[in-house]
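Novice: requesting a structural model of the entry that follows:
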Amino acid sequence: MMTAKEIRESYKKFFESKGHTIVPSAPMVIKDDPTLMFTNAGMNQFKDIILGTREPEPRRRADSQKCLRVSGKHNDLEEVGHDTYHHTMFEMLGNWSFGDYFKEGAIDMAWEYLVDVLKLDPADLYVTIFEGSEEEGLVRDDEAASFWLKHVPADHIINGNKHDNFWEMGDTGPCGPCSEIHLDSRTPEEKAKVAGRELVNKDDPQVIEIWNIVFMQYERKADGHLEPLSMNVIDTGMGFERLVRAIQGKHSNYDTDVFQPFIKEISRLSGKEYGKEEDIDVAMRVISDHLRAVAFSIADGQLPGNAKAGYVIRRILRRAVRYAYTFLDQKEAFIYKLLPVLVEEMGDAYPELPAQRELVGRVIKEEEDSFLRTLDKGISMLTDAIDELKKEGKDVLDGSKAFRLFDTYGFPLDLTELICRENNITVDEDKFNVEMEAQKNRARNAAQVENGDWVVVGNYEENHEQQFVGYDYSEYSCHITRYRMVKQKKNTFFELVLDQTPFYGEMGGQVGDQGVLVSEDETVNIIDAKKENGQTVHIVTELPKNIEAEFMACVDTDKRAASAANHTATHLLDYALKQVLGDHVEQKGSFVAPDTLRFDFSHFEKVTDEQLREVERMVNAMIREDIHLQEHRDTPIEEAKKLGAIALFGEKYGDTVRVIQFGPSVEFCGGIHASSTGRIGMFKILSEASVAAGIRRIEAATGQNWEEQCYAIEDNMKAIRALFNNAKDLQGAIAKFLDENAELKKKLEGFRAQQVERLKKELVEKAEKNGDVTIVKAVVALDAASAKDLVFKVREAVSEKLVCVVGAHDQGRPSLNIMLSDDMVAAGLNAGKLVREAAKLIQGGGGGQPHFAQAGGKNVDGLQAAVEKVVELTK
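Specialist: Residues are numbered from 1 along each chain as shown. The predicted structure follows:
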């Protein structure tokens, strides 16, 4: 039986023998495509070729691409782990033809690989073809059907509707009919009862699609109509995990050697056995699936976070932690311990995993620890809510409270339901769903973008290849080749594509250029420039009146120079950090704008002040040397590596690259740079901090930006010196002032202690009696800390049968302080619950322990009523 590793390798060897170039997997995290956060299909890295904006050579390619899907058909994150064949992260085996072979070649090669190489039984294979669409004016794909008839009987060819057999990249863009290959892996007895063709695309777990062959031949326009593509494209995708399942004769992807090593390690670490209880089995499947998704994302440079791609990764990891916590009894970080198995199983095929092993492990562990603390806090809050319901005689938890736990603390609904069920309480799930849908609508409305169709100008072709001249020019003569209208958040913009442009489109952490388009009759402001499918798109708020005029594209050179200086400074910073901290330092992100320099890098401890000063000195020395830029364009990648440039994990490089060199600093880079280091002026680190486990962030200033900050510091120093009568020894004057202040504070604390002692005696003497209970109550002028001391001193004086309530106010800020003796707590009173109820009268809130609690608020006038409320509640 072939192993997963052998099957992956056999696919590549087969297509290599058919003249395909085997290309490496693109990163799973997409950084420079505004329409996608993650690679969700093998074709993503070839999008610009399919759109006609990049040369298609070589025309035959194949790979094993790591992909991530967490939404869409069959890919709801909450369902992963509950069936046998859907995943978040998966490998997609794919082969492509760009204007080379088409339907017949793709069908013949697919059949040869499955039947002749992998020895699948032809009788178990069914294929679907597009049945046509009357509304689209498209007929049945008889061409594909005729080619399939060479390999399968007619009753194994099944018509599929537009939903299943017409593939589209999105609402607009390349599309076409597709042909799926389905495998029937049921037992002979099951096959005898129902023919396999009856179960194709019917969600039967044993009759599944393993390969989809897309025949891209159309382009969908914004108004919905189809136009022929200029070049026919074959795009195939075969789910690697499903293929391994078929070859190894398993009924579940999780029973193959793709996942079993993880499941066995989870079983060993948790002491739970797989295959005995469904909840435990689901938990193990979830964890083994999600581990891969999270680890590969981190290795590709995407850290868990609170927005966009980072939020997706955090959500996936937290789901795995939740299953480990709930069903495997793992109350401490657990998932990071599985990383050695992942590296062992997939490290050979994906070298970024072993190379980033320490970073990935630290990030996962820190995220686990953080979420486990959140779970503890959520459980505490939920327990309080359940106690309130029982007190009120209710048995349904408000869905809005369950949603608040989910939305604010990441506390999942199913865990809320589980804990409530144990307490004979149900959750109003309908209300929860209403809140969830409202949040989704808010997010959709905030992010909604409407793109119009591209309008081609003059005699240009729609996919006219743009020439970028920005490395050499900041002004250049040009024409508009196409434009479209874009609506977002009720604002309307226009995107322009020029035949030749000096404008740098935002990419690689460097902001896009701004500037103007100037013709004989008008000037149009370009407010931003973005990179889209390999071309610079220029953003304007209004179209030129004469769209076909000749323009001069002029970049704002002041802003560009400032951005370029900051960008060059990041290269020098990267070099200096490696020299000072070690070669383990690797760039993990950057952002450079005219007034911003931010640089993230891998390092596992805080950088000391001495090390930061050493880095600064090294960078500034290189600036004073005025090292001139050495630029190597269109350099073969192997030659670039010989120059000393190091490829970053998570980045995709072509066969030729651009290398930027400033003396010993050598990097792959496509951005805009200063002509020499002297143009930076000066470099100063403003801050250094952690942004995630193993990731540090430096923010710095250069040139005029740092000059202005120096003036601000100088002005502040003058103002401070004036406060100390322009003392020559300012540091000594401040130290003397602080010493005197500390001495005064000691005296003040002594006065307060005396005041508290005096008040204690007065309050105990005036105490009321309710039966054998001593009630001490008052409203006094004290700060919250002194009021706390006061009630503790009262408890020392009255150790039994005590209810003490002190309302205090200081500079308009009220506080409520409750102290109970131990016997009153034993009798059922709880200071924390009492203070939460009474604090409403001072428009505040608080909490504490059963014997002592404190609350703050806004309404001083309500203090007396709050004190009386506590006394009333204790009676």
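
Novice: backbone dihedrals for residue 707, please?
Specialist: phi -60, psi -50 (degrees, to the nearest 10).

Novice: just checking, it touches residue 684?
Specialist: No - in terms of Cβ atoms under 8 Å, residue 707 does not count as a neighbour of residue 684; the distance is 10.0 Å. C-beta here means a position set from N, CA and C on the backbone, and glycine is covered the same way.

Novice: so those two - more neighbours on which side?
Specialist: Applying other Cβ atoms under 10 Å to residue 707 and residue 684 shows that residue 684 carries more neighbours, namely 16 against 13.

Novice: what packs against the one helix or strand that one maps to?
Specialist: For residue 684, the element it lies in under DSSP states H and E is strand 683-692. Contacts defined by 3 or more Cβ pairs under 8 Å, 6 or more residues apart in numbering; DSSP states H and E place strand 683-692 against helix 557-581, helix 609-624, strand 695-702, helix 703-723.

Novice: surely residue 529 is in a helix?
Specialist: No - if the criterion is DSSP: H, G, I helix; E, B strand; the rest coil, then residue 529 is strand and not within a helix.

Novice: how near is the nearest residue to it once chain neighbours are set aside to residue 527?
Specialist: Using Cβ to Cβ, 6 or more residues apart in numbering and skipping the chain neighbours, the partner closest in space to residue 529 is residue 512 (3.5 Å). Note on residue 512: its distance to residue 527, by Cβ to Cβ, to the nearest Å, is 9 Å.

Novice: quick one, strands of the stretch 651-800 of the chain?
Specialist: 656-662, 665-668, 683-692, 695-702, 768-770, 773-780 (DSSP state E, counting those that start in this stretch).

Novice: dump those strands into CSV; add mean pLDDT as well.
Specialist: Output for those, formatted as CSV (pLDDT from 0 to 100):
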stretch, mean pLDDT
strand 656-662, 93
strand 665-668, 94
strand 683-692, 94
strand 695-702, 95
strand 768-770, 90
strand 773-780, 93
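
Novice: closest to residue 256 out of these?
Specialist: Nearest to residue 256 among the strands of the stretch 651-800 of the chain is strand 683-692; the distance by Cβ to Cβ comes to 32.8 Å.

Novice: for residue 81, give me phi and psi.
Specialist: Main-chain torsions, residue 81, degrees, to the nearest 10: phi 100, psi -20.

Novice: if I look at it, how far off is residue 432?
Specialist: In terms of Cβ to Cβ, residue 81 sits 22 Å off from residue 432.

Novice: likewise residue 600?
Specialist: 37 Å.

Novice: more crowded one of those two?
Specialist: Comparing residue 600 with residue 432 by neighbour count (other Cβ under 10 Å), the higher total belongs to residue 432, at 23 against 20.

Novice: name the helix or strand for the more buried one, please.
Specialist: helix 429-447.

Novice: so who does the nearest residue to residue 508 once chain neighbours are set aside touch?
Specialist: In this structure, residue 508 finds its nearest non-sequential neighbour in residue 671, 5.5 Å apart by Cβ to Cβ, 6+ apart. Going by Cβ atoms under 8 Å, 6 or more residues apart in numbering, residue 671 touches 504, 507, 508, 509, 510, 567, 592, 660.

Novice: export those as a markdown table, with columns for neighbour count, secondary structure and distance to residue 722.
Specialist: Formatted as a markdown table, the contacts of residue 671 follow (neighbours: other Cβ atoms under 10 Å; DSSP: H, G, I helix; E, B strand; the rest coil; distance: Cβ to Cβ, whole Å):
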| residue | neighbour count | secondary structure | distance to residue 722 |
| --- | --- | --- | --- |
| 504 | 24 | coil | 46 |
| 507 | 17 | strand | 48 |
| 508 | 16 | coil | 46 |
| 509 | 19 | coil | 42 |
| 510 | 23 | strand | 42 |
| 567 | 25 | helix | 40 |
| 592 | 25 | strand | 37 |
| 660 | 20 | strand | 47 |
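
Novice: nearest to residue 560, of those residues?
Specialist: Of all these, residue 560 sits closest to residue 504, with 7.5 Å by Cβ to Cβ.

Novice: where does the stretch 401-550 of the chain dip in pLDDT?
Specialist: 443-449 (pLDDT under 70).

Novice: which stretches of it form strands?
Specialist: Secondary structure of the stretch 401-550 of the chain by DSSP E, counting those that start in this stretch: the strands cover 426-427, 449-451, 455-456, 467-468, 475-478, 480-488, 491-498, 500-501, 515-518, 523-526, 528-532, 535-540.
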